[in-house]
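> Predicted model, plus sequence, below.
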Amino acid sequence: MKKLLFPFLIMLIFSSVAKAEFVNNIVVNGNERVSSETIILLGDVEKDKEYTDTILNNIINELYKTNFFSDIKLEILNGTLHIEVTENKIIQTIEINGIKANKIKDLIKERMILKNKSPYNEFFVSKDLNNIKNSLKSVGYYFVEVKSSIIENNNNTVNLIYDIELGEKAKIDKIVFLGNNNFKDNKMRKIIVSEEAKFWKFISNKKYINRERLDLDKRLIKNFYLNNGYYKVTINEAFAQFTEKEKFILTYSINEGSKYYINETKLILPDNYDKNNFSKIIQTLEKLKNKKYSLIKLSKIINELDKITLLKQYEFISASINEK
């Protein structure tokens, strides 16, 4: 006779009741600049209420979010909630060394988290080190080095100092296009603003990597394709690859899609408009039939429509294009 073994599952269920303590008094210590009333308000602390560990943790989190404090401790003794804080020092001044151009300095300051009179916070300093590097990369300085330091003052403030070594600006060694099956590279290079660094282009700034210029290049490439019938063209993110010669290969990736032609056109007007006033527009639209799609031609029609509506005193209208 076979013996059948039945497994038994033993479940142990634990219940946990959060311990709560009643608070009828609140005391704040360690604060000099931030008033006790402000700390109580920022932490959403109330008297005559029970406090669990979860509520106390929420108070600590809310107070840390203010960036006013480097350390916060809470303790309940005999019905009194003791809030012990250590305030962050205030930044008296921020110095940026190693950059002469005010335009670049302003760009850096605009993107920084910490400002003059902000509470000093090491985490935000590390974030701003990256913000400074990214700001300088956007104007072509890819080999930059940035270090931070502080000088502590007697009045519980600090001077925050950033020392910057710019290095050489990143030059474009070669411009490459991927996916441009219907247009040659030479044609594409004439469309964009960026240029390859050639020895005779010693004055031009267009030979340096510049984020805003790369974005402009992408728009120019897309508009070129849209004006040549490629209605669904997509331009992927331009990327720069570092070479051993401390230069970059700049690559634009293009998905051309198919060429589109205009099959049918129609001008839709409100019933109370006189179509005779728009006869030239209607004729222009007729001429577009069976022609390749062109964004610039459609934009010109919109401009002409705007002119007509002004001359004929059509008020409160706008013209738009719907494409299918």
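All right, it came through fine. Residues are numbered from 1 along each chain as shown.

> Please tell me how far F177 sits from A240.
14 Å (Cβ to Cβ, to the nearest Å). In short, each C-beta sits where N, CA and C put it, glycine included.

> what is in contact with these two at once?
Common neighbours of F177 and A240, using Cβ atoms under 8 Å, 6 or more residues apart in numbering, are T251.

> Return the distance of the helix or strand bottoming out on mean pLDDT in the chain from the chain's centre.
Counting by mean pLDDT, DSSP states H and E, the chain has its least confident helix or strand at strand 239-242, which shows a mean of 74. What separates the centre of strand 239-242 from the centre of its chain is 20 Å, taken as Cα atoms, centre = their mean, to the nearest Å.

> Parallel or antiparallel, list what pairs with that strand.
strand 247-255 (antiparallel) (DSSP bridges).

> Which residues does the following helix or strand past the strand it pairs with contact?
On the C-terminal side of strand 247-255, the nearest following helix or strand under DSSP states H and E is helix 279-287. Around helix 279-287, the neighbours that count as contacts under Cβ under 8 Å, 6+ apart are T265, K266, L267, K275, I301, E304, L305, I308.

> now the angle from the host helix or strand of the fifth one to helix 279-287?
Read that as I301. Per DSSP H and E, I301 falls inside helix 295-311. Relative orientation of helix 295-311 versus helix 279-287 (axes from the mean of the first three to the mean of the last three Cα atoms, to 10 degrees): 160 degrees.

> Mind listing what's buried along helix 295-311?
L295, K297, L298, I301, L305, T309 (16 or more other Cβ atoms under 10 Å).

> Same check on stretch 74-88?
L74, L81, I83, V85, E87, N88.

> okay, those in a markdown table with secondary structure next?
Shown next, in a markdown table, are the buried residues of stretch 74-88 (DSSP: H, G, I helix; E, B strand; the rest coil):
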| residue | secondary structure |
| --- | --- |
| L74 | strand |
| L81 | strand |
| I83 | strand |
| V85 | strand |
| E87 | strand |
| N88 | coil |
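
> Would you convert the residues you listed into a markdown table that also reports distance to R211 and pLDDT?
Formatted as a markdown table, those follow (distance: Cβ to Cβ, whole Å; pLDDT from 0 to 100):
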| residue | distance to R211 | pLDDT |
| --- | --- | --- |
| L74 | 45 | 93 |
| L81 | 50 | 93 |
| I83 | 45 | 94 |
| V85 | 41 | 93 |
| E87 | 38 | 91 |
| N88 | 33 | 90 |
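
> Which pair in those residues has the greatest spatial separation?
Spanning the widest gap among the buried residues of stretch 74-88 are L81 and N88, at 22.2 Å by Cβ to Cβ.

> At which residues are the helices of the stretch 101-250 of the chain located?
Using DSSP state H, counting those that start in this stretch, the helices of the stretch 101-250 of the chain run over 102-111, 122-137, 185-191, 211-226.

> and the first one, how far from the chain's centre?
On the basis of Cα atoms, centre = their mean, helix 102-111 is displaced by 16 Å from the centre of the chain it belongs to.

> In the stretch 51-200 of the chain, where is pLDDT below threshold?
199-200 (pLDDT under 70).

> got the residue ranges for the strands in it?
Ranges of strands in the stretch 51-200 of the chain, per DSSP state E, counting those that start in this stretch, are 69-77, 80-87, 90-97, 145-152, 157-165, 171-178.

> Dump those strands to a markdown table, plus distance to E21.
A markdown table is the format used below for the strands of the stretch 51-200 of the chain (distance: least, Cβ to Cβ, whole Å):
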| stretch | distance to E21 |
| --- | --- |
| strand 69-77 | 5 |
| strand 80-87 | 9 |
| strand 90-97 | 35 |
| strand 145-152 | 39 |
| strand 157-165 | 38 |
| strand 171-178 | 66 |
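
> out of the ones you listed, which comes closest to N31?
Proximity to N31 (Cβ to Cβ) singles out strand 80-87 among these, at 5.4 Å.

> Which residues does the closest one contact?
Here strand 80-87 makes contact (Cβ under 8 Å, 6+ apart) with 23-34, 39-40, 43, 45, 51, 59, 63, 68-76, 119, 156.
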